[in-house]
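# The sequence and its predicted three-dimensional model are supplied below.
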Amino acid sequence: MNDRKSFGGSIGFVLAAAGSAVGLGNIWRFPYLAAKDGGGLFLLVYLILLVTFGFALLSSEVAIGRKTKQSPLTAYDKIQKGWKWLGICACIVPAIIMPYYSAIGGWVLKYFMVFASGEGAQAAQDGFFGAFITGQYDTVGYMAVFLVACTAVIVLGVNKGIEASSKIIMPLLIILILIISLYSLTISYNDPSGVTRTGMEGLAIYLIPNFDGLTFSGFMTILMDAMGQLFFSLSVAMGIMIAYGSYVSDDADAVSAVNRIEFFDTLVAMLAGLMIIPAVYTFMGVEGLASSGPGLMFVSLPKVFQSMGSMGTIIGVMFFVMVLFAAVTSAVSIMEAVVSSIMDEFHISRIKAAVIEFVVAMVFGIVVCLGYNDFYFELTLPNGATAQVLDLMDYVSNNLLMPIVAIATCVLIGWVAGPQVAISEFEKNGESFSRTKIYIFMIKYVAPVMLFILLVKSSGLITF
Ligand code: PFF
């Protein structure tokens, strides 16, 4: 793999990595978890984890990638003989994520079509989302279109075009989210029981941590959710940042690149929460927040757009098209992780590997879609949530496998190879890695211990 191309300077890497990081995780997943877990407290826990764990893991992965210049499947083994199994585990995660990510991508596509055909008002009706996802073949069709598009990007290699357009679309998406957020702070709603709720009250719920009635077990659930979200959102613990790190040229400043990715990813997630949570509170009250699930964005935003009057349709179309774009850039990176691993392992062409992954994702994607219909079940997860196929796959990847990969990465870098491996990689052009002490402390002690406790809790083996 000596012919690996490098990104020109660090900006190419930052853009590509941010394109992978900023996606449905920020806009769809973060707000619904924050809503379920009581807003402010989730936010606080998330931010603390970000500057400690998130930073330590992201830095380690980028360093492993740049040092070894290999794909995740073989990179761990190059750092330390005998660690190939970790590469294999890391590759399983994106393989599990891809099908359900495509299913949600399909939902976004559907909403885009609905708004583009001027039917946005329908989407704001109670029951619209439920009827859509429980419909038998509609969701499968949209998911398939989304998946075909991603596969085409992988096969045709139009990633460069995506990177270039990210420069325009990402900032636009942020501005749009900001506008919608500000608007959702101004709304108020009189519910049928005569209570009036406002967006500003919702803002307080989102930002101010509420410790009332908090139990230890409740806190652990929040911690678990925040951790899974952090991995998902930063695209760490699944090999992706290793693959990307391997494309960073040796003279680029990797420290500032890592900082920028963290900042950008978190900014979008926080703004997405600001856009969605006050609105859910206003229209659906505290119960609406507590009972929220994967459908949150699709249920609450159309109501916000509808309350904007005729402007709402235009904003709705623009919003869903940009989210679709963000979803494709992330999904392509998920798929690329799987495809490049299949290529490396079985020595087959890109096209063959892409077709294999397409078929696998399609089959499981159909199962995910039918999970709200023919394959409907209700399973109670160890975190108390009721799961269908989608939630189950999400849980297995984010709350079980990612912590395992993350713990192993901490052990490898913290204890076996030694943190100096990563630190020297960051400082090799004379940059100073300002968070050295906290990095060592995190990667050696705090992260593995905490991750282990969370894993035990997530697995449901011990309840506390
Ligand atoms: N980080 C992406 C998001 O927040 O939507 C999702 C993602 C990308 C997950 C790449 C996993 C992955 F490998």
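Everything's here; your move. Quick caveat: nothing in here was measured; it's all calculated off a predicted structure.

# use CA for all of it now, contacts and neighbours both
Noted.

# how close does Ile154 sit to Arg435?
Computed as Cα to Cα, to the nearest Å, the Ile154 to Arg435 distance reads 36 Å.

# between the two, which one's more packed in?
Between Ile154 and Arg435, Ile154 has the larger neighbour count (other Cα atoms under 10 Å), namely 19 against 13.

# Looking at whichever helix or strand that one is part of now, give me its mean pLDDT.
Per DSSP states H and E: Ile154 is located in helix 138-156. On average, the pLDDT along helix 138-156 is 96.

# Could you name the helices and strands sitting against that helix?
helix 84-116, helix 128-134, helix 311-346, helix 350-370 (3 or more Cα pairs under 8 Å, 6 or more residues apart in numbering; DSSP states H and E).

# Adding mean pLDDT and mean neighbour count, write these out as JSON lines.
As requested, the helices and strands packed on helix 138-156 are exported to JSON lines (pLDDT from 0 to 100; neighbours: other Cα atoms under 10 Å):
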{"stretch": "helix 84-116", "mean pLDDT": "96", "mean neighbour count": "23"}
{"stretch": "helix 128-134", "mean pLDDT": "95", "mean neighbour count": "15"}
{"stretch": "helix 311-346", "mean pLDDT": "91", "mean neighbour count": "22"}
{"stretch": "helix 350-370", "mean pLDDT": "97", "mean neighbour count": "20"}
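
# For the ligand, which of those helices is the nearest?
Closest of the helices and strands packed on helix 138-156 to the ligand is helix 311-346, at 4.1 Å (criterion: Cα to the nearest ligand atom).

# For Val332, which residues are in contact?
Ser20, Cys150, Thr151, Val153, Ile154 (Cα atoms under 8 Å, 6 or more residues apart in numbering).

# So which of those is the closest to the ligand?
Ser20 (5.0 Å).

# Excluding covalently adjacent residues, which one is nearest to that closest one?
Ser330 (4.1 Å; Cα to Cα, 6 or more residues apart in numbering).

# So that neighbour sits against Ala16, correct?
No - the pair Ser330 / Ala16 is not scored as a contact, 9.4 Å apart, by Cα atoms under 8 Å.

# picking up where we left off before, for Met297, state which of the contacts of Val332 is nearest.
If you rank the contacts of Val332 by distance to Met297 using Cα to Cα, Ser20 comes first, at 20.2 Å.

# next helix or strand past the helix or strand hosting the closest one?
Using DSSP H and E, Ser20 sits within helix 9-21. Sequence order places helix 24 as the next helix or strand after helix 9-21, per DSSP H and E.

# what packs against that following helix?
helix 311-346.

# pLDDT weak spots in the stretch 351-464 of the chain?
Flagging of the stretch 351-464 of the chain using pLDDT under 70 yields the residue ranges 464.

# can you give me the strands for it?
Counting by DSSP state E, counting those that start in this stretch, the stretch 351-464 of the chain has strands at residues 379-380, 386-387.

# What are the contacting residues of the last one?
By Cα under 8 Å, 6+ apart, the surrounding residues in contact with strand 386-387 are Phe377, Glu378, Leu379, Thr380, Leu381.

# Also stretch 125-145?
102-107, 109-110, 122-123, 295, 298-299, 303, 362, 365-366, 369-370, 372-374.

# so the helix holding Ile154 versus helix 311-346, what angle?
60 degrees (axes from the mean of the first three to the mean of the last three Cα atoms, to 10 degrees).
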